[in-house]
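Asks: the sequence and its predicted three-dimensional model are supplied below.
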Amino acid sequence: MSRYREQTTGKTQFPPALTLEYGLRDTPAVAAVHVRCVPSDTGLQISTSESGHANAHVLLGRGKWERVKLKDGCKCDSTSYYGARILFEATSSAVARVFLLSYEKPGALIAKRQVATLRSDSNWVRFSFTTELSASHFLLALHFGDQSPEHRITLVSVIVNSIVADENYRVHIPESAHADIERASAQPAVDGRGVEV
């Protein structure tokens with residue numbers, strides 16, 4: 001079942017987390033273009049409907065790639081990092097690129113970015129991301145491109161959790177590790193955004 005919900009732990013409020021579980025009686029909504037989706041006990045079997053469509057994709061939610069309604073996206077906060085895990089099964093040579101689609105408040109697409117790739121050599125993938133500063137909500141999409149219909153991916157579950165950063169986007173490194181980093185480099189320790197830690 002599809003859930004867009006807010007999590008509350010003690011006094012800390014986290015932005016909504018996205019949980020999509022497939023293989024249940026109530027399969028979450030998806031929007032497919034040139035893709036065939038078949039619910040099963042093991043998950044949602046996804047394959048291209050026919051070869052020759054470079055734009056074959058599935059939105060993990062309702063809407064269209066370039067526009068969605070606010071109720072169909074996951075609300076986001078630009079001060080949060082998001083961690084995601086996708087469980088799936090893939091036939092040999094099946095590949096799907098995972099895109100993060102960011103939307104502004106009226107629902108228009110403002111940014112798209114590839115965040116992961118599903119391949120047949122694994123049955124899960126983890127990734128993290130941040131949304132655009134002006135984004136009000138996001139969706140994840142699987143892009144299949146032009147591959148033959150026998151290359152199927154069975155989607156089992158998608159879980160996205162939010163991680164709230166402090167106001168300076170600081171990454172907190174233990175003191176012992178911080179000292180080792182400073183000894184190894186003449187430059188001050190910085191996080192991925194170039195902010196000194």
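Replies: Noted; the coordinates are in hand. Numbers count the residues shown, from 1 in each chain.
Asks: and the spatially closest residue to residue 40 that is not a sequence neighbour, what does it touch?
Replies: Spatial nearest neighbour of residue 40, excluding adjacent residues (C-beta to C-beta, 6 or more residues apart in numbering): residue 23 at 6.7 Å. Where you see a C-beta, it was placed from the backbone N, CA and C, and this is true even at glycine. When contacts are counted by C-beta atoms under 8 Å, 6 or more residues apart in numbering, residue 23 touches 39-44, 156.
Asks: tell me the most packed of these, by neighbour count.
Replies: residue 44 (24 neighbours; other C-beta atoms under 10 Å).
Asks: for residue 63, give me the pLDDT.
Replies: Predicted confidence (pLDDT) for residue 63: 84.
Asks: residue ranges with poor pLDDT in this structure?
Replies: Filtered on pLDDT under 70, the chain yields the residue ranges 1-17, 24-27, 51-52, 164-197.
Asks: list the buried residues of stretch 21-35.
Replies: 21-23, 27-28, 30-35 (16 or more other C-beta atoms under 10 Å).
Asks: check the separation of the first and last residues in it.
Replies: 19 Å (C-alpha to C-alpha, to the nearest Å).
Asks: ok, stretch 28-47 next?
Replies: Note: stretch 28-47 ends 17 Å apart using C-alpha to C-alpha.
Asks: so what touches it?
Replies: With C-beta under 8 Å, 6+ apart as the criterion, stretch 28-47 contacts 1-2, 20-23, 27, 48-50, 53, 55-65, 72, 88-89, 96, 142, 144, 149-157.
Asks: may I see the ChimeraX selection of the buried members of these?
Replies: Buried residues among these (16+ other C-beta under 10 Å), as a ChimeraX selection:
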select :2,20,21,22,23,27,48,53,56,57,58,59,60,61,62,63,65,72,88,89,96,142,144,151,152,153,154,155,156,157
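Asks: just the ones of the contacts of stretch 28-47 in strands?
Replies: Taking DSSP state E, the ones among the contacts of stretch 28-47 that sit in strands are 2, 20-21, 48, 57-59, 88-89, 96, 142, 153-157.
Asks: do a quick rundown of the helices in this protein.
Replies: 175-184 (DSSP state H).
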